[in-house]
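A.B. asks: Could you work out the structure for the sequence below:
(3 chains)
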Amino acid sequence: MRHIAVAAILFFFWLALSGHYTPFLLTAGVLSAALCVLAMIRARVADAEAAPLELLWAAVTYFPWLIREIVKSAWSVTKIILHPNLPISPTMTVVHASQKTSPGVATYANSITLTPGTITVGVSGKELIIHALVTEGAVDLEEGGMDRRVSRFEGAK
Amino acid sequence: MFAAATAAILVALSLAITRAIRGPTVFDRVLAGNSVGTLAIMLLAVTGFLTGRPEFLDIGLTYGLLNLISTLAVLKFFRHGDLAYAADDEQRS
Amino acid sequence: MTQVIEIASWVLILLGSFFTIVGAVGLVRMPDVFTRMHAASVTDTLGIGFLFLGLCLQAGIGLVTLKLVFLLALFFFTGPVVTHALAQACLHEGLKPMLAEDRRNARPEASDDGRQP
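C.D. replies: This next block holds a predicted model:
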């Protein structure tokens, strides 16, 4: 079931990129989508970890929130860069990821990195090492608002 | 007005290349190289619109994939001195 | 109506150009590798995001917009991977970030102010 869904998504991707809908190209698209899925099965990556289709619906509500966070923190980083004195206070800290599965932890770490001003430097188990541009960013992450949000995103199957 | 965006991207490109030349460590240069790749994709997209040929976006997609892979390959090379290295000590730090 | 879309797209494109330049300025101004990564991620998220949204409005609904959205999604998923790999490689190489405050209480050995650029 998951294999068919992945193949359908790949075929849609082919259609969007080609823009020519002759019978030959459509057949070639179907064949190459099927080949890709076969290669995924052989490489043992066609599982829930590589194609987390269950999270698609939760992503619809999670991404707008993430984009709002990105805009807010990017604006604060912009103000720091354009400030004549460059008021940075780089901080490193460790936060705990409370997600249950590894896609959840990866989502949390990538969300932290995607937000300007904070970078996930290292992962050991469920402890994420964070480098923040200003101390307030590190304190915000330690309070765990984003952590709870990602946990809800992961659990909303 | 596309010309204004093109000019802005060119200014940003020159700043990124400044960092690539001045950067004290090799990682500064890798970071600057990655930024140059990103800016090149933006430049491709805007130039495509400027000249009325949005087909440039396909090249942009290819550049995006190549940018990711080349940056990872360069990092792996500087970390291990070898591209074919087993990933058994990736858990550290 | 078309006039409104036109003006909105120009505003978005100019905002994208602004954030692109800000990210590049930060790349030059920041004192060490880790802080430079924060500056570069402004270009990678807001610069490219606003610019491509403006281009989407210019292109209208069609395959071109879809390709722009694919490019944006590509950046949203690969940007963090590259940044994380770069930061991890820096730490692995023994590069000490310059820190104003170190809140990793478990690791006291990394608490000096690090190398100067």
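A.B. asks: give me the low-pLDDT residue ranges for chain A?
C.D. replies: Chain A contains residues with pLDDT under 70 at A:48-51, A:156-157.
A.B. asks: ok, which stretches of it are helices?
C.D. replies: For chain A, the helices defined by DSSP state H cover A:2-18, A:23-42, A:56-82, A:102-114, A:135-143, A:145-155.
A.B. asks: need the contact list for A:A74.
C.D. replies: Contacts for A:A74 (C-beta atoms under 8 Å, 6 or more residues apart in numbering or on different chains) come out as A:T115, A:P116, A:G117, C:F19, C:S41, C:V42, C:T45, C:L46. The C-beta positions use only the backbone N, C-alpha and C, and glycine is treated the same way.
A.B. asks: ok, now which ones touch the first one?
C.D. replies: Counting by C-beta under 8 Å, 6+ apart, A:T115 makes contact with A:L66, A:E69, A:I70, A:S73, A:A74.
A.B. asks: which of the contacts of A:A74 count as buried?
C.D. replies: Among the contacts of A:A74, those classed as buried by 16 or more other C-beta atoms under 10 Å in any protein chain shown are A:T115, A:P116, A:G117, C:F19, C:S41, C:V42, C:T45, C:L46.
A.B. asks: ok, now how distant is the last one from B:G64?
C.D. replies: So the one you mean is C:L46. Distance of C:L46 to B:G64, computed by C-beta to C-beta, to the nearest Å: 17 Å.
A.B. asks: do the third one as well
C.D. replies: Applying C-beta to C-beta, one obtains 24 Å for the distance of A:G117 from B:G64.
A.B. asks: roughly how far apart are A:G29 and C:L68?
C.D. replies: To C:L68, A:G29 is 21 Å away according to C-beta to C-beta.
A.B. asks: With C:P31 instead?
C.D. replies: Counting by C-beta to C-beta, the separation of C:P31 from C:L68 is 35 Å.
A.B. asks: what does B:L39 give?
C.D. replies: Distance, B:L39 to C:L68, by C-beta to C-beta: 16 Å.
A.B. asks: neighbour count winner among these two?
C.D. replies: Taking other C-beta atoms under 10 Å in any protein chain shown, B:L39 and C:L68 do not tie; B:L39 has more neighbours (26 against 23).
A.B. asks: and which of the contacts of A:A74 is nearest A:A34?
C.D. replies: Comparing the contacts of A:A74 against A:A34 with C-beta to C-beta places C:T45 closest, at 35.4 Å.
A.B. asks: Relative to A:H131, how far out is the residue nearest to that closest one when sequence neighbours are not counted?
C.D. replies: Among residues not flanking C:T45 along the chain, A:I70 sits closest, at 5.3 Å (C-beta to C-beta, 6 or more residues apart in numbering or on different chains). Separation of A:I70 from A:H131 (C-beta to C-beta) stands at 17 Å.
A.B. asks: Kindly report the same for B:S35.
C.D. replies: Here the criterion is C-beta to C-beta. By it, B:S35 lies 18 Å from A:H131.
A.B. asks: dump the residue contacts of C:L63.
C.D. replies: By C-beta under 8 Å, 6+ apart, the contact set of C:L63 is A:A16, A:G19.
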